[in-house]
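Undergrad: Here is a sequence together with a model predicted from it:
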Amino acid sequence: MEIIEDKQNELLRRRELKIITDAGKNPSMEDAVRLIAEHFKADEENIVVKSIRGKFGRKTFLIVASIYTNKEDKEKTEIISKKKRDAVKKAAETTAAPKAEGEKKEETQ
């Protein structure tokens, strides 16, 4: 793993990284987060991988990522994807549905 750029962004309270890594296949976002967490000794929940780019036929990949100082700063700055928002909304509905059914049963009895 070779660090190309390592900037501290004081305004957004994060460390911005550009890293080149060697891998047999294109690393997943989770693999990139684990790799960065191990190398920089950071918490995985405070790391955001922006992109993983590779060139055809090469085994080197450019990873662009940010390491936030804490979870609150990450939540303030990063945009949550629609897929994750829908998953959180669906999980909240499934936990709320059994509670609502239990309350209806109590009212009818």
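TA: Received, thanks.
Undergrad: Quick check: the gap between Val48 and Lys25.
TA: When distances are taken as CB to CB, to the nearest Å, Val48 and Lys25 turn out to be 22 Å apart. In this view, the C-beta of every residue, glycine as well, is placed from N, C-alpha and C.
Undergrad: For these two, indicate the residue with more neighbours.
TA: A direct count of neighbours by other CB atoms under 10 Å for Val48 and Lys25 places Val48 higher, at 17 against 9.
Undergrad: pLDDT score for the closest residue to that one other than its chain neighbours?
TA: Leaving aside its sequence neighbours, Val48 sits nearest to Ser66 (CB to CB, 6 or more residues apart in numbering; 4.9 Å). We note a pLDDT of 95 for Ser66 in this prediction.
Undergrad: Ile52: how many residues sit nearby?
TA: A total of 19 residues lie near Ile52 under the criterion other CB under 10 Å.
Undergrad: Ok, Asp6 next?
TA: A count of nearby residues for Asp6, using other CB under 10 Å, gives 12.
Undergrad: Which parts of the chain are helices?
TA: Ranges of helices in the chain, per DSSP state H, are 29-40, 71-77, 82-108.
Undergrad: Relative to Leu17, which of those helices is closest?
TA: helix 29-40 (7.1 Å; CB to CB).
Undergrad: From the rest of the structure, what touches the closest one?
TA: Counting by CB atoms under 8 Å, 6 or more residues apart in numbering, the neighbours of helix 29-40 from elsewhere in the structure are 1, 15, 17, 19, 21, 23, 27, 42-44, 47, 49, 52, 63, 65, 67.
Undergrad: Which member of the residues you listed is positioned nearest Ala92?
TA: Out of those, the member with the shortest distance to Ala92 (by CB to CB) is Glu44, at 23.5 Å.
Undergrad: For Lys59, see how far away that closest one is.
TA: 24 Å.
Undergrad: same thing with Asp43?
TA: 29 Å.
Undergrad: spatially speaking, which residue is in the middle of this structure?
TA: Central residue check for the chain by CA atoms, centre = their mean: the C-alpha nearest the mean position is that of Val48, 4.4 Å away.
Undergrad: My read is that that residue contacts Glu75, right?
TA: No. Val48 is not in contact with Glu75 according to CB atoms under 8 Å; the separation is 10.7 Å.
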